[in-house]
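In: Any chance you can model this:
(one chain, ligands or ions: 1)
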Amino acid sequence: MSVVQRRSHSTRETFEPMRVIEKARVAFRRTPLGVRLLAVAGVALLGLAACNSSEPAGDVARGASSDADAIQVAMVEGRAFDPDTLNLTTGEEVTVEVTNNDSTAHDFAIESLDLNTGTVEADEVATATFTVPDEGVEFICTFHSDMTGRIEVKQ
Ligand SMILES: [Cu+2]
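Out: Prediction:
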């Protein structure tokens, strides 16, 4: 008798997840179309926010630079670059080594030079090598619009 009870109990547990899914499906079908679309859009937005990513572009690489003269830039808490101003010489080829000291992903991009390290996860390092342009340019994190820095040039 007790064996039978136990068995029926375990059977009920096995089917519990199926019942939850079925209830959710029924509830979803009974929801007005507008609300359903909002729910789908919300889930899609969450998905986008959860996977910050960008594709590498230009002369970039993952990991630390072998160049002892690489310019060090850190990505720090509060969505900022440190330092946020680099003073460089026009025409010089430089390597910037970015280290993500923050807990969220960032990237380092100079849009006018088509340069982007791609996603740099927390505690990761990446490098970007480029020729310093004739005029000053902004560098940015494409994930966070307020996360910017500037390259000032001297001739
Ligand atoms: Cu960022």
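In: From here on, just use CA atoms for contacts and neighbour counts.
Out: Noted.
In: bridging residues for Leu127?
Out: Careful, residue 127 is Thr; it's not Leu. Counting by DSSP bridges, Thr127 is bridged to Ala61, Glu97.
In: Touching, it and Ile71? I think so.
Out: No. Using C-alpha atoms under 8 Å, Thr127 makes no contact with Ile71, being 9.4 Å away.
In: More neighbours: these two, which one.
Out: Comparing Thr127 with Ile71 by other C-alpha atoms under 10 Å, the one with more neighbours is Thr127, at 26 against 16.
In: With Asp82 as the reference, measure out to the more buried one.
Out: 15 Å (C-alpha to C-alpha, to the nearest Å).
In: circling back: spit out the residues that contact Thr127 and Ile71 alike.
Out: Shared contacts of Thr127 and Ile71 (C-alpha atoms under 8 Å, 6 or more residues apart in numbering): Thr95, Val96, Glu97.
In: Out of those, the closest to the ion would be?
Out: Glu97 (15.4 Å; C-alpha to the ion).
In: contacting residues around the residue nearest to the spatial centre of the chain?
Out: The chain has Asn52 as the residue nearest its centroid, 2.8 Å off, counting by C-alpha atoms, centre = their mean. Residues near Asn52 by C-alpha under 8 Å, 6+ apart: Ala105, His106, Thr119, Phe143.
In: where's it, which helix or strand?
Out: Per DSSP states H and E: Asn52 is located in neither a helix nor a strand.
In: cool, Glu22 as well?
Out: Take DSSP H and E as the rule and Glu22 turns out to sit in helix 2-30.
In: Buried residues of the top strand by length along the chain, list them for me.
Out: Counting by DSSP state E, the longest strand found in the chain is strand 144-154. If you call a residue buried by 16 or more other C-alpha atoms under 10 Å, then strand 144-154 has these buried ones: Met147, Thr148, Gly149, Arg150, Ile151, Glu152, Val153.
In: which of those residues lies closest to the ion?
Out: Nearest member of those to the ion, counting by C-alpha to the ion, is Met147, at 5.8 Å.
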